[in-house]
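Asker: Just the structure for this:
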Amino acid sequence: MKKILFILALVLVMLSSIVAGTLAMYTVSIDNLAEGSVVAKEFIFVGGGTDTFQQGLKIAPSETTQWQFKVKNYEGDTVSETDMYYKLTFNVQASSGKKAIAPLEITVKDSKGNALNSVTGVGTFDVLGSFPLAVNGQEQDYFVQIYWPDNGSSDAKYAGSDYGTMINVNAVASQIPFSTSPSQGKQVSVHYETTTPWQNGQSGVYQYNYKVTITNNTSQPINNWSIGFYLPTDTLTGVWSNAKLVSTSPPGNYQFLNPGYNNQATDDILPGQSVSFGGPALGMGTAAIQSISVGGSNISDITNVDLTCQFGKASLN
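Answerer: Predicted coordinates for the structure are as follows:
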């Protein structure tokens, strides 16, 4: 019951900035893989151009596979001429036309084996790194570990061609440090998370709980907040507190309003503050929300939001 897991499209987005009168541009060079190999990829942040690759891996329940790549700030005798900062974004999602293999645990580790970030099922996370200015070139090794825990007979449903997971890795380099804030300059951040699904013993339908957190990254409050989004699969069936579910039409489109408690802490989102709400849902809880719009009585709807997702959590804090 091997499944194909695609490690797809390592792409460097080129950034440039002027530091001390010097214009430096950084990109990535990716060596070709030998067929069946899962090592020896490199991001090289000097020179010009971009590249992509696709690699197929096979994995089955109880198995672990690992893929290694390297980030460098030199190529031959050429070394980056300024401090170098980079961000690696890992987006784990269902392969095109398929459903994700929900039990998969994807973890990114450094060369010492320390876990830097991880996700179960599908989701998105970042890993930040840097190379301080030095005469000699520097490099960092990273390992992407994919583990399929043995869940007994429940793993059988992921057999066949209807299921597949792919990992997109995007690398961005800059002479300016990346913010540790999830906003990355955007006005609003939205975090969507779900629990591990369970099966209803009577209906056989899978259920999970969800949670949405909205963070105001601006210097002004968002009064009487509202949020709308589209969820392509699964069904949100209600909300427990701190929000009102006012519309689910057309199917897959959801509109939530502040709870109307006449309390600034819940009805408004103050600068730098967050509000959260959640509730029950039907499905596997492995799909990301889309087409997000956050509004308020004092602002126009904001559609350019910073979205992060985390799926299959043991609990929602």
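Asker: my read is Ala265 is in a helix, agree?
Answerer: Yes: assigned with DSSP: H, G, I helix; E, B strand; the rest coil, Ala265 falls within a helix.
Asker: got a pLDDT number for it?
Answerer: Ala265 carries a pLDDT score of 85 in this model.
Asker: which residues touch stretch 302-317?
Answerer: Here stretch 302-317 makes contact (Cβ atoms under 8 Å, 6 or more residues apart in numbering) with 102, 119-125, 182-184, 186-197, 209-211, 217, 278, 285-286, 288-289, 291-295. In short, each C-beta sits where N, CA and C put it, glycine included.
Asker: Does the residue most central in space within the chain lie in a helix or a strand, and which?
Answerer: Central residue of the chain (Cα atoms, centre = their mean): Thr124, 0.9 Å from the mean position. Using DSSP states H and E, Thr124 falls within strand 123-131.
Asker: Would you mind checking the average pLDDT for that strand?
Answerer: Computed over strand 123-131, the mean pLDDT rounds to 80.
Asker: Enumerate every residue touching Leu270.
Answerer: 216, 221, 264.
Asker: Repeat that for Lys109.
Answerer: Neighbouring residues of Lys109 by Cβ under 8 Å, 6+ apart: 115-116, 142-143, 145.
Asker: Please apply the same query to Gln145.
Answerer: By Cβ under 8 Å, 6+ apart, the contact list for Gln145 reads 64-66, 105-109.
Asker: now, which of those sits nearest Ser226?
Answerer: Distance to Ser226, by Cβ to Cβ, is smallest for Ile106 among the contacts of Gln145, at 33.5 Å.
Asker: and the closest one, which of the three is it?
Answerer: Ile106 ends up strand, using three-state DSSP.
Asker: low pLDDT regions in the stretch 101-250 of the chain?
Answerer: The stretch 101-250 of the chain contains residues with pLDDT under 70 at 178-185.
Asker: again, 50 this time
Answerer: Scanning the stretch 101-250 of the chain for pLDDT under 50 picks out the ranges 181-183.
Asker: show me where it has strands.
Answerer: Taking DSSP state E, counting those that start in this stretch as the test, the strands found in the stretch 101-250 of the chain are 105-110, 115-120, 123-131, 139-147, 165-174, 188-195, 198-199, 206-216, 226-230, 235-236, 244-247.
Asker: Mind checking the ones you listed for the one nearest to Tyr158?
Answerer: Tyr158 lies closest, by Cβ to Cβ, to one member of the strands of the stretch 101-250 of the chain: strand 165-174, at 9.6 Å.
Asker: could you give the angle of the closest one to strand 139-147?
Answerer: Compare the direction of strand 165-174 with that of strand 139-147 by axes from the mean of the first three to the mean of the last three Cα atoms, to 10 degrees and you get 160 degrees.
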